[in-house]
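Predicted model and sequence follow; I will ask about them next.
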Amino acid sequence: MGKKSECLGLLNFGNTNKHEYTQLVGGGEGPTQDTNMATDEHDVEQKKQKEDEDESPGAPVPYPKQIFFIISMETCERFSYYGMNTILTIYLISLFKRTYSDEKANDVSTIFYHVYKFGCYASGLIGAALADSYVGKYRTIFYIGIMYAIGQAILSLGAVGRGEGGIANFPNQPVSFIGIFLIALGTGGIKPCVVSFGADQFKVPEQAKQMATYFAMFYAAINFGSMISTIATPYLRRVECMGEDSCFSLAFGLPAVLMFIAIFFFWFGRNSYKRQTPDKNIVTIFFKASWHALKRRKFKTKSQHWLDVAVDRFDQETLDDIKAVYRVGVLFLLYPMYWALYDQQGSRWTIQAMKMNGFTWGWQILPDQMQVANPILILLLIPLFDQVIYPLLGKVGLLKTPLQRVVTGCFLCGLSFVISGVLELELRKGYPDLPKADQAKIFVHNGLDCPITFNADTVTSLGLAPDFSLPTDATLERIVDYGSYKLAGTGCAGQTFTKDMTLSVESRTFLVTSKSEGAPQVLQSENEDQIEKDDGDPMPYVRVIASLDRSCSTPISAMLIRSKKTSEMYDLGSSSVGSTWDSEAVKMEHTKEHVLNVRCGSSWEFNHTMVYKVGASYNIFLTGQDSVSVYEVTSPNSVHIFWLLPQYFVVTVGEILFSITSMEFAYSQAPKSMKSVIQALYLMTTAVGNLITMVIVEIFSAIGLEQYLEFFTFAGLMTVVSFILMWLAYRYEYVYYTETSGASVDNPGYEEEDTQKSD
């Protein structure tokens with residue numbers, strides 16, 4: 001759900017009284033009598049109530065300073081949540097790669113991510129029910145918040161490395177999953193409570209304008225915390241620690257610290273808060289009345305509403321209010337598909353960003369940092385829509401009613417996935433061909449001064465054309481099944497070569513070369529090639545395969561040196577005396593120009609300068625006296641990461657139209673007693689949307705269909721749902737519930753649309 005959605009319970013409160021406001025933001029039907037106030041510090045609360053009673057009607061009410069404890073808590077909590085959420089998909093991929101192939105790890109990570117998101121929003125029902133009960137908002141926030149912080153700490157522990165300095169054979173997966181489970185319960189549990197608890201600190205209507213500043217600060221706190229963490233935590237995960245390239249433990253540790261700080265801020269203001277305990281739990285009443293009516297449906301008459309049969313246990317006014325919720329709920333049934341697409345910004349779109357080039361003006365934008373585009377665009381576009389776009393379109397009769405905006409937002413969400421599908425078609429051109437299980441990828445490099453041809457058996461076993469020849473300094477790439485093969489052919493002056501190959505690993509390189517014009521020979525590398533892209537940190541890999549035709553009495557040095565900073569270098573040389581060796585693949589810290597310096601002490605040396613690109617893996621072949629040939633094992637990420645911005649822009653515009661308007665519409669169409677129920681049901685649409693994503697991703701993974709087809713499928717489903725929602729919106733009759741009386745009346749603001757229907 002969008003960040004601003006967390007503040008949507010703040011709409012239209014300026015004209016409500018304190019009792020009605022509490023209901024509107026999900027706090028239930030809060031009484032105003034002193035006997036129903038519940039705090040641990042009874043004397044403090046009595047004093048605060050007496051001060052409120054003694055204030056003259058016209059006297060200005062001071063701004064509640066305890067609000068700043070709540071704002072500080074929200075800033076830290078949102079930093080904690082979005083910081084963890086930003087890197088979660090990449091962390092899950094790193095975990096599941098230990099068990100699955102890259103493609104399967106991506107699918108499993110996506111499914112698990114949306115299970116987690118489902119928990120985040122489904123648990124909102126628990127928080128709303130507790131806040132509406134005798135527990136109250138303060139205790140709900142405080143105790144669930146502690147569980148939330150513990151979950152963040154457990155996740156940080158679960159991400160500890162297994163290398164040097166880490167813990168060997170540490171059970172990362174189960175420990176991490178426990179932490180993620182607690183985080184999902186924690187963030188969902190406090191989600192419906194924090195903003196409304198802050199609003200309870202104001203005296204309405206006397207402080208209506210001051211309350212508006214609170215809403216603005218609260219919204220700013222959400223976006224400030226999320227933007228900073230989305231930028232910071234990806235850089236922390238790139239730190240090398242505990243023998244591993246990525247330090248997820250550190251990256252998750254910072255959000256954990258911030259969550260404990262958030263709880264401290266909230267606890268520190270405990271003596272200054274106004275706390276209300278509702279006299280009834282309206283969320284529970286809603287579900288009890290609905291269930292009771294279903295059980296008594298056999299008593300329903302033909303002209304009777306199905307809920308009316310519950311009048312034996314519930315008063316008619318309550319049942320009428322519940323009917324209004326179901327009127328809006330019919331539209332909510334179609335909302336999950338929107339969230340099924342929207343929440344993939346943190347999963348599929350992040351995986352897409354991992355396959356792109358993030359270097360921009362000398363600065364690397366990491367894949368998980370692209371999620372910051374959404375809050376930035378929201379902050380830029382909301383004032384533009386409110387002040388410019390809506391007024392202009394309203395003059396020509398467009399986007400004037402809530403459901404017009406909601407339906408348009410759904411269509412735009414579907415369009416964003418069409419854009420992501422087209423982008424995926426372009427990205428797949430650079431994806432490496434990887435061997436399946438029980439297959440190997442082999443590379444045969446021609447280091448001779450003439451083309452080589454292969455004999456009939458080799459041509460057949462490698463699937464080559466009968467007249468195939470491998471040019472000088474060229475590399476042949478093939479995927480074959482595990483087993484034994486014979487690499488045989490003819491080189492310069494008709495000289496032949498043969499090599500028995502036994503393949504039982506993922507990759508192997510063979511170098512055909514000769515020394516001092518002798519017979520050609522085939523050298524098999526000892527180390528494997530880097531045939532997979534490291535999408536989480538797409539810095540280039542490089543390794544050397546050498547068979548030089550010159551001698552050296554000491555181990556030959558081969559250092560790859562960064563041109564811009566000569567102190568940054570990588571050792572690719574031999575560890576023993578001899579001119580033939582191959583190094584392990586080494587991950588570089590930077591791209592751009594580097595110099596390969598090959599030397600034998602002070603006897604001889606030669607250099608090779610080239611530009612290394614993000615996402616690529618290079619095999620550098622050294623042959624002859626000083627011949628250098630470079631082969632790209634994996635191609636560079638050629639599509640810039642900013643090509644994600646069009647789909648982010650479209651989905652953000654759709655979010656502004658859909659998300660804000662949906663809750664404003666729902667609150668205006670529901671009685672004041674049902675505001676908390678509406679909020680709970682709206683959160684559940686997001687939870688169900690993540691279930692839809694899980695099911696579709698699992699189906700596509702099982703069938704083995706490509707990613708671009710999945711994107712287009714989501715776009716198609718969203719379009720179909722949008723047309724159905726458009727039809728329901730056309731038939732929908734608006735009803736406006738006044739805050740003062742709770743009675744339903746026609747809303748003059750919607751009369752124009754109703755008139756258009758009748759015409």
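Sure, I can see it. Numbers count the residues shown, from 1 in each chain.

contacts, neighbours, all on C-alpha from now
Noted.

what's the neighbour count on residue 638?
As a burial measure, residue 638 scores 18 neighbours (other C-alpha atoms under 10 Å).

SS state for it?
Secondary structure assignment for residue 638 (DSSP: H, G, I helix; E, B strand; the rest coil): coil.

for it, phi and psi?
Taking degrees, to the nearest 10, you get phi -90, psi -20 for the backbone angles of residue 638.

mind listing what the closest residue to residue 146 other than its chain neighbours touches?
Nearest non-adjacent residue to residue 146, counting by C-alpha to C-alpha, 6 or more residues apart in numbering: residue 263, 6.9 Å away. Contact analysis of residue 263 by C-alpha atoms under 8 Å, 6 or more residues apart in numbering lists 73, 142, 145-146.

Let me have those residues in JSON lines, adding secondary structure, neighbour count and pLDDT as columns.
Written out in JSON lines, the entries for the contacts of residue 263 read as follows (DSSP: H, G, I helix; E, B strand; the rest coil; neighbours: other C-alpha atoms under 10 Å; pLDDT from 0 to 100):
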{"residue": "73", "secondary structure": "helix", "neighbour count": "24", "pLDDT": "92"}
{"residue": "142", "secondary structure": "helix", "neighbour count": "18", "pLDDT": "94"}
{"residue": "145", "secondary structure": "helix", "neighbour count": "24", "pLDDT": "94"}
{"residue": "146", "secondary structure": "helix", "neighbour count": "17", "pLDDT": "95"}
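
Need the per-residue pLDDT for residue 430.
If you check residue 430, the pLDDT there is 84.

any idea how far the nearest residue to it once chain neighbours are set aside is from residue 427?
The shortest distance from residue 430 to any residue other than its chain neighbours is 6.2 Å, reached at residue 635 (C-alpha to C-alpha, 6+ apart). From residue 635 across to residue 427, the span is 11 Å (C-alpha to C-alpha, to the nearest Å).

again, but for residue 167
Applying C-alpha to C-alpha, the value for residue 167 to residue 427 is 37 Å.

Those two: who's more crowded?
Neighbour totals were compared for residue 167 and residue 427, and residue 427 leads with 18 against 14 (other C-alpha under 10 Å).

Distance-wise, check that one relative to residue 436.
With distances defined as C-alpha to C-alpha, the gap from residue 427 to residue 436 amounts to 21 Å.

can you check residue 93 too?
Following C-alpha to C-alpha, the distance that separates residue 93 from residue 436 is 18 Å.

between the two, which one's more packed in?
residue 93 (24 against 13).

And the closest residue to residue 640 other than its chain neighbours, its phi and psi?
Nearest non-adjacent residue to residue 640, counting by C-alpha to C-alpha, 6+ apart: residue 357, 4.6 Å away. The phi and psi values for residue 357, taken as degrees, to the nearest 10, are phi -90, psi 110.

roughly how far apart are the residue of the chain positioned farthest from its centre and residue 110?
Note on the chain: the largest separation between a C-alpha and the mean C-alpha position, by C-alpha atoms, centre = their mean, falls on residue 493 (59.4 Å). Using C-alpha to C-alpha, we find residue 493 at a distance of 56 Å from residue 110.

Same question for residue 451.
As it turns out, when the distance is counted by C-alpha to C-alpha, residue 451 lies 47 Å from residue 110.

Compare neighbour counts for these two and give me the winner.
Neighbours per residue, other C-alpha under 10 Å: of residue 451 and residue 110, the larger number sits with residue 110, 26 against 16.

which residues does the more buried one contact?
By C-alpha under 8 Å, 6+ apart, residue 110 lies in contact with 89, 347-348, 694, 697.

Could you export these to a markdown table, including columns for distance to residue 462, neighbour count and pLDDT?
Written out in a markdown table, the entries for the contacts of residue 110 read as follows (distance: C-alpha to C-alpha, whole Å; neighbours: other C-alpha atoms under 10 Å; pLDDT from 0 to 100):
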| residue | distance to residue 462 | neighbour count | pLDDT |
| --- | --- | --- | --- |
| 89 | 38 | 26 | 91 |
| 347 | 38 | 25 | 89 |
| 348 | 36 | 22 | 91 |
| 694 | 40 | 21 | 92 |
| 697 | 35 | 20 | 91 |
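
got CSV for those, with secondary structure too?
Below are those laid out as CSV (three-state DSSP):
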residue, secondary structure
89, helix
347, coil
348, helix
694, helix
697, helix
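
contacting residues around the spatially most central residue of the chain?
Centroid check for the chain by C-alpha atoms, centre = their mean gives residue 346 as the closest residue, at 1.4 Å. Taking C-alpha under 8 Å, 6+ apart, we find residue 346 in contact with 85-86, 89, 368, 371.

pLDDT wise, what is it at?
The score at residue 346 is 88. That number is its pLDDT.

Repeat that for residue 381.
Model confidence at residue 381, given as pLDDT, is 88.

List of residues touching stretch 238-256?
Outside of stretch 238-256, the residues within contact range by C-alpha under 8 Å, 6+ apart are 79-81, 83-84, 91, 149-150, 152-153, 155-166, 233-234, 236-237, 537.

From those residues, list just the buried residues.
79-81, 83-84, 91, 149-150, 152-153, 155-162, 233-234, 236-237, 537 (16 or more other C-alpha atoms under 10 Å).

Just the ones of these in strands?
Judged by DSSP state E, the buried ones among the contacts of stretch 238-256 include no members of strands.

Please narrow those residues to those residing in helices.
When DSSP state H is applied, the buried ones among the contacts of stretch 238-256 are split such that 79-81, 83-84, 91, 149-150, 152-153, 155-158, 233-234, 236-237 fall in helices.

In the stretch 601-750 of the chain, mark out all the strands, start to finish.
Using DSSP state E, counting those that start in this stretch, the strands found in the stretch 601-750 of the chain span residues 604-612, 617-624, 627-634, 736-737, 744-745.

Out of those strands, flag the one nearest residue 382.
strand 736-737 (24.9 Å; C-alpha to C-alpha).

any idea of the mean pLDDT in the closest one?
In this model, strand 736-737 has an average pLDDT of 67.

Likewise for stretch 272-284?
The average of the pLDDT scores along stretch 272-284 is 79.

Low-confidence bits of the protein, can you list those?
Filtered on pLDDT under 70, the chain yields the residue ranges 1-59, 163-165, 517, 536, 663, 667, 736-759.

where does the residue lying closest to residue 651 once chain neighbours are set aside land in three-state SS?
Among residues not flanking residue 651 along the chain, residue 413 sits closest, at 5.0 Å (C-alpha to C-alpha, 6+ apart). Put simply, residue 413 is helix when judged by three-state DSSP.

is residue 470 in a bridge, and if so with what?
residue 452 (DSSP bridges).

quick one: contacts for it?
For residue 470, the contact set (C-alpha under 8 Å, 6+ apart) comprises 446, 451-453, 476.

measure it to residue 570 for me?
Between residue 470 and residue 570 the distance, using C-alpha to C-alpha, works out to 31 Å.

how many neighbours does residue 326 have?
As a measure of burial, residue 326 has 13 neighbours, counting by other C-alpha under 10 Å.

Next up, phi/psi of it, please.
Note on residue 326: backbone dihedrals following degrees, to the nearest 10 are phi -70, psi -30.

ok, now the one 10 residues further on?
Per-residue torsions, residue 336: phi -60, psi -30 (degrees, to the nearest 10).

Just give the nearest non-adjacent residue to it, would you?
residue 689 (4.0 Å).

check contacts around the one you found.
Listed by C-alpha under 8 Å, 6+ apart, the contact partners of residue 689 are 118, 335-341.

how much space between it and residue 340?
Between residue 689 and residue 340 the distance is 4 Å, computed by C-alpha to C-alpha.

and what of residue 523?
Distance check for residue 523 against residue 340: by C-alpha to C-alpha, it reads 52 Å.

So these two - more neighbours on which side?
Set side by side, residue 523 and residue 340 give different neighbour counts by other C-alpha under 10 Å, the larger being at residue 340 (23 against 20).

is it fair to say the more buried one lies in a strand?
No - judged by three-state DSSP, residue 340 forms no part of a strand; its state is helix.

hang on, it packs against residue 695?
No - taking C-alpha atoms under 8 Å as the contact criterion, residue 340 and residue 695 are not neighbours in contact, 10.3 Å apart.
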